[in-house]
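Q: need a structure here:
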Amino acid sequence: MKKLKFNKSIDQKMFYVSLKNQVYTEIDTTKFSFGTFSFWMKGLFWILIAYSSYLLLFFCESKFYFWILFLIFQLSGLLIGFSLGHDASHNTAFRNKKANQILHFFSFITVGIDPLLWGLRHIRSHHLYANVEGSDIDIDENPFLRLAPCHEKKSFHRFQHIYAPFVYMLALLHSVFIGDWIYLFNKKYEWMREGVNKAELYFRFSTFKIIYFSLVLILPILFSSTNASFIIITYLTTSAFTSLLFVVMLVGTHFFEEALYPDISDDLLNDSWAIHQLKTSCDWNANNYFAQFLSGGANCHAAHHLFPNLCHTSYSSINPIIEKETLRFNLPYHNKTLLKMMQSHFKHLKAMGT
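A: Next up, the predicted model:
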C-alpha cells in the first residue's frame, strides 16, 4: 500500500476542528462512544431472528420453506454483522478491546468473511484512504467492473451497468472462497497483516472457516431431513440474494457520480483527511430511523468515516451537525435516498464504461 500525506493547511483543518467541537459539545460522548441499550437490543433482535430460523431448518419437511428459512437466516445473519460486528471492528461496542474482538468474531460467523482480515483492510486501508487507487483495497482493479477512472477500460465495460447486479450476487461467495485466501497468503498484502502474529492469524482463520462451514452446510446436511444437493443449492442461491442486499446498502456509498477519485502528485492529497472523507462518501436516508436500524449506521457514511470512534447509534445526532458545518464551510455533503444513490451508482458505472 502506498502511504500518502493529506493537506495540512490551516484552512483545510478548520472544518474538522469546528465539526469536532460542535459534536463533542452537543453529544454526550460518554454515552455514545460505546454500545447503548438500543444498540444491544437491535443486535439481539437480529440474533433471535437468525438463529430461530436456523433451528427451524432441522424440523422443516418442505423444501420451499427450508429455502425461505435459510434465506431469512442468511439475511438476518448479515444484519448481525452490520449491527454488531462493524462496531466491534472499530472497538465501539464494548470498552474492552478483547470483548470487541470476541464479538467481532462471532458476529461474522453467519456471513463467512474472515473478521480479522476484513477488519485489518477496512481500518488500515479503506478508512484512511477511501477511493485512492493503490491505497484503498476496496477499489483495487477487478476483472469484471471498472469502478474508478484510474482503472483500465475494456470493451465489455460499456455493458457493466447492465450486468453489474449479477456480479454483485457473487461478491459474498467470492469473498468467502477466494478473497479471504488472497488476503491471507498473497505477499502483496503483507503490509496489511503486519504486526499480527502469523500463528494466531492462521489459527483464527481456520477456526472461523470450520465453524462457518459447519453451520451453513455440514450440520444441515447431517441433521436435517433435506438432501445434501438441495442444501448446497440453497446455500449458493440464498448467498447470492444476501450478497445483493450487502452490495446495495454499501456500493453506492463510495461509487457514485459526484465521488472523488483523487489524482496523486508527490504522494500528497489535495484535501485534508476530513474533507477527503466528505468528498468520497455518500449517505442514504441518513435521518431515517428504519434505514439506520437495518444498516447498522452504514447509511450514515459521512458520520461513520468522520467519527469511527463513536458507536453508530450516535449518527442520527451527528448528521444535522455535519449538514450545518458543511454548509457553513461551503463543502459537499452527499445525502440521497437509497433509490437515488443506486441510480447514481449505475450512472457512475455507465460513465466508467463509455
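Q: how about the strands in the stretch 51-200 of the chain?
A: With DSSP state E, counting those that start in this stretch as the criterion, the stretch 51-200 of the chain has no strands.
Q: and what of the stretch 201-350 of the chain?
A: Ranges of strands in the stretch 201-350 of the chain, per DSSP E, counting those that start in this stretch, are 282-284, 334-336.
Q: ok, the last one: who's next to it in the sheet?
A: In this case it means strand 334-336. Here strand 334-336 has these sheet partners by DSSP bridges: strand 282-284 (parallel).
Q: chain center to the strand it pairs with: distance?
A: Centroid separation for strand 282-284 versus its chain: 13 Å, with C-alpha atoms, centre = their mean, to the nearest Å.
Q: distance between the ends of stretch 259-270?
A: 15 Å (C-alpha to C-alpha, to the nearest Å).
Q: pLDDT of that stretch, averaged?
A: When pLDDT is averaged over stretch 259-270, the result is 83.
Q: neighbours of the residue nearest to residue 133 when sequence neighbours are not counted, how many?
A: Counting by C-beta to C-beta, 6 or more residues apart in numbering, residue 133 lies nearest to residue 150, which is 4.3 Å off, once chain neighbours are set aside. Any C-beta I mention is one placed from the backbone N, CA and C, and that applies to glycine too. For residue 150, the neighbour count with other C-beta atoms under 10 Å is 16.
Q: coming back round to it: among the strands of the stretch 201-350 of the chain, show me which one is buried the most.
A: Of all those, strand 282-284 has the most neighbours on average by mean count of other C-beta atoms under 10 Å, namely a mean of 26.
Q: pLDDT at residue 42, what is it?
A: Reported pLDDT at residue 42 in the predicted model: 93.
Q: next one: it from residue 233, what distance?
A: Residue 42 is 32 Å from residue 233, where distance means C-beta to C-beta, to the nearest Å.
Q: before we move on, what about residue 38?
A: The gap separating residue 38 from residue 233 is 38 Å, by C-beta to C-beta.
Q: same deal with residue 64?
A: Separation of residue 64 from residue 233 (C-beta to C-beta): 13 Å.
Q: name the residue in these two with the higher neighbour count.
A: Neighbours were counted for residue 64 and for residue 233 using other C-beta under 10 Å; residue 233 has more, 13 against 8.
Q: and the pLDDT at the more buried one?
A: 97.
Q: so residue 274 touches residue 15, yeah?
A: Yes - with contact defined as C-beta atoms under 8 Å, residue 274 and residue 15 form a contacting pair (6.1 Å).
Q: what's near enough to touch residue 322?
A: Residues near residue 322 by C-beta atoms under 8 Å, 6 or more residues apart in numbering: 19, 302-303, 306, 333.
Q: for the residues you listed, which one is nearest residue 208?
A: Among the contacts of residue 322, residue 303 lies closest to residue 208 (C-beta to C-beta), at 29.5 Å.
Q: now do the contacts for that closest one.
A: Contacts of residue 303 by C-beta under 8 Å, 6+ apart are 283, 286, 297, 314-315, 318-319, 322.
Q: and those, which two are furthest apart?
A: So, the contacts of residue 303 by C-beta to C-beta: farthest apart are 283 and 314, at 14.5 Å.
Q: columns pLDDT and distance to residue 212 on top of the contacts of residue 303, output as a markdown table?
A: Shown next, in a markdown table, are the contacts of residue 303 (pLDDT from 0 to 100; distance: C-beta to C-beta, whole Å):
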| residue | pLDDT | distance to residue 212 |
| --- | --- | --- |
| 283 | 96 | 31 |
| 286 | 92 | 32 |
| 297 | 89 | 24 |
| 314 | 88 | 31 |
| 315 | 91 | 29 |
| 318 | 93 | 34 |
| 319 | 94 | 35 |
| 322 | 96 | 37 |
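Q: mark which of those residues are part of helices, please.
A: 315, 318-319, 322 (DSSP state H).
Q: who wins on neighbours among those residues?
A: Within the ones in helices among the contacts of residue 303, most neighbours by other C-beta under 10 Å means residue 315, with 26 neighbours.
Q: now it, nearest residue through space, not along the chain?
A: residue 300 (3.8 Å).
Q: I figured that neighbour hits residue 312, correct?
A: Yes - counting by C-beta under 8 Å, residue 300 sits close enough to residue 312 to count as a contact (7.2 Å).
Q: shared neighbours, these two?
A: residue 292.
Q: look up how far residue 299 lies from the nearest residue to residue 334 once chain neighbours are set aside.
A: Of all residues not flanking residue 334 in the chain, residue 282 sits nearest, at 4.1 Å (C-beta to C-beta, 6+ apart). Per C-beta to C-beta, residue 282 is found 10 Å from residue 299.
Q: next: residue 156.
A: 32 Å.
Q: try residue 152
A: 32 Å.
Q: any idea how many residues pack against residue 339?
A: Close neighbours of residue 339, defined as other C-beta under 10 Å, add up to 10.
Q: poorly predicted segments of the stretch 1-150 of the chain, please.
A: Judged by pLDDT under 70, the stretch 1-150 of the chain has its weakly predicted residues at 1-2, 30-32.
Q: hmm, 80 instead?
A: In the predicted model of the stretch 1-150 of the chain, residues 1-3, 28-33 satisfy pLDDT under 80.
Q: can you show me the helices along it?
A: 10-26, 29-32, 37-57, 63-80, 86-89, 97-107, 115-121 (DSSP state H, counting those that start in this stretch).
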